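# what would the 3D arrangement of this be:
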Amino acid sequence: MGVRGLQTFIENACPEACKYVSIKQLADDHRSHINCNPVIVVDGMSLLNRLYNNTSLEWIYGGQWLQFFNELEKFIERFKNINVELIFFFEGQFVLLKEKNGSEDDFKSQMK
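Predicted coordinates:
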């Protein structure tokens, strides 16, 4: 999602452009103004990459899935503890729907 390598470039070339924030504080501020729990959309592939790189897990032979799952559980739990809902987004293509229903025009006509 987004521009490949942009985050790494900004972190390395323009570190002053990034700042640490308290998600808990932002969530509390959100709740006080909006009166509902915040929702954060997470780029699933970026998270997968971060968890593997920040925990020294190996990608070789398909990865260390049990250890990765444990890290993912810890990540999610930190947000649950501050009442922030996470929605994970994984990039995908329209291909399966196109194959199932024919062309995009067929899909559009079915939607009418």
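# what residues does stretch 54-64 touch?
Stretch 54-64 has contacts (C-beta atoms under 8 Å, 6 or more residues apart in numbering) with Leu51, Tyr52, Gln67, Phe68, Glu71. From N, CA and C alone the C-beta is placed, and that goes for glycine too.
# spell out the residue ranges of the helices in this protein.
Assignment of helices within the chain using DSSP state H yields the ranges 6-13, 23-34, 44-54, 65-81, 95-101, 104-111.
# quick one: average pLDDT of stretch 68-75?
For stretch 68-75, the per-residue pLDDT values average out at 90.
# cool, stretch 30-42 as well?
Mean pLDDT, computed over stretch 30-42, is 95.
# ends of that stretch, what's the gap?
From the first residue to the last, stretch 30-42 extends over 18 Å; the measure is C-alpha to C-alpha, to the nearest Å.
# for it, which residues meet the burial criterion?
Of the residues in stretch 30-42, Pro38 count as buried by neighbour count, 16 or more other C-beta atoms under 10 Å.
# can you give me how far it is from the chain middle?
Relative to the centre of its chain, stretch 30-42 is centred 17 Å away, using C-alpha atoms, centre = their mean, to the nearest Å.
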